[in-house]
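In: need a structure here:
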Amino acid sequence: MILSLEALQANQGDSLILYYGDPKKPSIMIIDGGPSGIYNGSLKPRLVDLKAQLSPDDPLPIALMMVSHADDDHIHGILDLTDDLISQDSGPEGPYLKIEGLWFNAFDDIIGNNEVIKAAQAAPANFKKDGEVTALIASTGQGRTIRDKAHKLGWTVNSPFSPLPGSNAVLVRGDAGSSVVPYGQLKLTVLHPNTQRLTELQDKWDKDLKALQAGDKTIVAAAFHQGADKSPFNLSSIVCLATLGDKSILLTGDGRCDDILDGLKTNKLLDKDDKIHVDILKMPHHGSVRNLTDEFLQKVTADHYVISANGKDDNPDQATLDKMRKNIHHQAILHITNNTNSKVKNVPPMQPKLQDFEAALKSAKSPLSVSYRVAAKNSFVLDLLDPLKF
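Out: The predicted structure follows:
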């Protein structure tokens, strides 16, 4: 029996592959696809390799593809993947993957109207030049495109969740805690988003987009400059707990820690001390301190912490590393996808900060250690049961 998580080199984004079940015929899930360049650079080469080893004569079966949210650093690689599969669909050999279903909340489905697109069309020229707002509009368009291409490819979208009136199906946590979806021997418990958060987002965006159409960009841009993460896409991230037997992996997307704790509590997954221990915790938002509190690290502990980042936006934040050093008092490993100095313009170097962090851990005699992806490899794998042999 296997349960393994593979974290691919995804620069500033996330791209993960989850394996479970029979080691000779494993079930596979793809979780996010990273930003531009990651599909061809990391994700596709790995999927092609898996097909050659596991399914040489037929398309490689993928039990589920999950896009946590519509930010470019999670969704771009999945958009490239859908384009690739559509182009292969008309070729002699057909697509190299057979994807059974997609979990993804397109933002215009979440807010229940087309105001985002209307706002993009109506925005003044100077507004369209604003990088943050342009990113919001672009991510919304990418989400709509992936949803439409998923339908073209015949994938089920957000099954078994029900469509909202006049909308596509939106994946949302049951507020009574009934959020467990079985995938063979694996269980996915949806912790976030919940209907309250989506309602808040809808109300906020209805107001903000009216201000956008009137030419006031301060309303939307302000979401990026506050202490806690208030990006609408991040706040609507799909957050899941994957469990097989007594092993567990917490997949957080760019979710915020208070929302994650609320989902754990609603699903009755916290113990009498309001705590939970998981085997793997994919740290929220690439190690951004805007998505992290001391309380979260004290209540959600893990054997393995994973940060996917390359220094862009200063992730992982120094404050995040400080919080981990101060709050993790058990034997654990922090796995980081990059530790080399990025060659990307305006991306700060990672090595000095990480070297200082390791020195601080050693000085404090901390039980927390740090591991990095080997530079010559495109990923690292964390095995919770039998090791992967492919």
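In: Point to the residue nearest the middle of the protein.
Out: In the chain, the C-alpha nearest the mean C-alpha coordinate belongs to residue 253, at 3.0 Å (CA atoms, centre = their mean).
In: Flag every buried residue along whichever helix or strand residue 295 is part of.
Out: In this assignment (DSSP states H and E), residue 295 forms part of helix 294-299. Within helix 294-299, the residues that count as buried by 16 or more other CB atoms under 10 Å are 296-299. Yep, even glycine has a C-beta here, placed from its N, CA and C like the rest.
In: for stretch 78-88, same thing?
Out: 78-82, 84-85.
In: Would you format those residues as CSV with distance to residue 186, secondary structure and pLDDT included?
Out: Output for the buried residues of stretch 78-88, formatted as CSV (distance: CB to CB, whole Å; DSSP: H, G, I helix; E, B strand; the rest coil; pLDDT from 0 to 100):
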residue, distance to residue 186, secondary structure, pLDDT
78, 20, helix, 95
79, 26, helix, 92
80, 26, helix, 95
81, 22, helix, 96
82, 24, helix, 94
84, 26, helix, 96
85, 24, helix, 95
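In: quick check, nearest of the residues you listed to residue 18?
Out: residue 78 (14.9 Å; CB to CB).
In: Verify the stated contact: that closest one with residue 146.
Out: Yes: if you go by CB atoms under 8 Å, residue 78 and residue 146 touch, sitting 6.0 Å apart.
In: Surely residue 68 is in contact with residue 253?
Out: Yes: look at residue 68 against residue 253 with CB under 8 Å: they come within range, at 3.0 Å.
In: shared neighbours, the two?
Out: Contact criterion CB atoms under 8 Å, 6 or more residues apart in numbering; residues shared by residue 68 and residue 253: 14, 32, 74, 237-239.
In: So which of those belong to helices?
Out: Assignment to helices by DSSP state H places the following of the shared contacts of residue 68 and residue 253 there: residue 74.
In: which of the shared contacts of residue 68 and residue 253 lies closest to residue 283?
Out: Closest to residue 283, out of all of the shared contacts of residue 68 and residue 253 and judged by CB to CB, is residue 14, at 10.2 Å.
In: of the buried residues of helix 294-299, closest to residue 189?
Out: residue 299 (16.7 Å).
In: Verify the stated contact: the closest one with residue 277.
Out: No: assessed by CB under 8 Å, residue 299 is found out of contact with residue 277, at 9.9 Å.
In: Tell me the pLDDT of residue 119.
Out: On pLDDT, residue 119 comes in at 55.
In: Repeat that for residue 122.
Out: In this model, residue 122 carries a pLDDT of 54.
In: ok, now which ones touch residue 324?
Out: 297, 305, 334, 368.
In: who wins for most neighbours among these?
Out: For those, counting by other CB atoms under 10 Å, the largest number of neighbours falls to residue 334: 26 neighbours.
In: Provide the partner residues of that one in its beta bridges.
Out: Judged by DSSP bridges, the bridge partners of residue 334 are residue 305, residue 370.
In: can you confirm the residue nearest to the centre of the chain is in a strand?
Out: No: using DSSP: H, G, I helix; E, B strand; the rest coil, the assignment for residue 253 is coil, not a strand.
In: now the helices: where do they sit in the stretch 201-350 of the chain?
Out: 218-221, 232-235, 257-266, 294-299, 318-327 (DSSP state H, counting those that start in this stretch).
In: which one of those lies closest to residue 150?
Out: Distance to residue 150, taken as CB to CB, is lowest for helix 232-235 among these, at 18.2 Å.
In: if we can go back for a sec, quickly name whichever of the buried residues of helix 294-299 is closest to residue 364.
Out: Using CB to CB, residue 297 is the member of the buried residues of helix 294-299 that lies nearest residue 364, at 15.2 Å.
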